[in-house]
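Undergrad: curious how this folds, go ahead:
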Amino acid sequence: MGLFILVGFILWGWAEMSAFIYIGGEIGGLFTLLGIFVTAIIGLSLLKSQGGTVMTKIRSDLAQGRAPVGSIADSLSLAVGGILMLIPGYVTDAVGILLFMPGVRTIAGAWILHHLVTSNRFKGFVHVDGQAGFSTRHTKPFHHTDDVIEGDATEHQPPKDRLNNR
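TA: The predicted model follows:
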């Protein structure tokens, strides 16, 4: 697995460098460098506008009593797309822009959410059912109602002159 990640990073770096050299040869080095900053600004503005829309959909789903799984998948995809748009490089910017497209972002977000839910790192938080999708694991509650905490309490009254000044 580690070798696969290393090869992936090497190929990603090669693709970014090749794209940078090709675009630099076509439009010049200054405009190529300026394009990196412009795509980052475009990514931030897309994240702000579409992120607000997704947050509104999450709120409406929760208000109607539905689980906002699709909206959460969209928001995950938007977050990853925004991060990719901030990373300097034209290949990552292209993938980031793809993650902002409505159909692609839902599919990619569902894929990301599925891998987060089935990851061993999150097994303590989420339980995965084969047919029902994913649901929260029911564990021992944090607070028992039969617990008794003993102690003394005193009531603090503000001075009477403060009450008259109000």
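Undergrad: so where's the protein shaky on pLDDT?
TA: The chain contains residues with pLDDT under 70 at 122-148, 161-166.
Undergrad: which stretches of it form strands?
TA: Under the criterion DSSP state E, strands of the chain are mapped to 126-129, 133-136.
Undergrad: and the spatially closest residue to P68 that is not a sequence neighbour, how far is that from I42?
TA: Excluding its sequence neighbours, the residue lying closest to P68 (Cβ to Cβ, 6 or more residues apart in numbering) is D61, at 3.8 Å. Quick note: C-beta positions are derived from backbone N, CA and C, even for glycine. Distance of D61 to I42, computed by Cβ to Cβ, to the nearest Å: 28 Å.
Undergrad: tell me who's in contact with the residue nearest to E16 when sequence neighbours are not counted.
TA: Once flanking residues are discounted, E16 sits nearest to G89: 4.1 Å by Cβ to Cβ, 6+ apart. With contacts taken as Cβ atoms under 8 Å, 6 or more residues apart in numbering, G89 has the following neighbours: 16, 19-20, 36.
Undergrad: what are the phi and psi angles of G89?
TA: Note on G89: its backbone torsions stand at phi 150, psi 150 [degrees, to the nearest 10].
Undergrad: quick one: the residue nearest to P68 and D74 touch, right?
TA: No: using Cβ atoms under 8 Å, D61 makes no contact with D74, being 11.1 Å away.
Undergrad: no further queries at this time; thank you.
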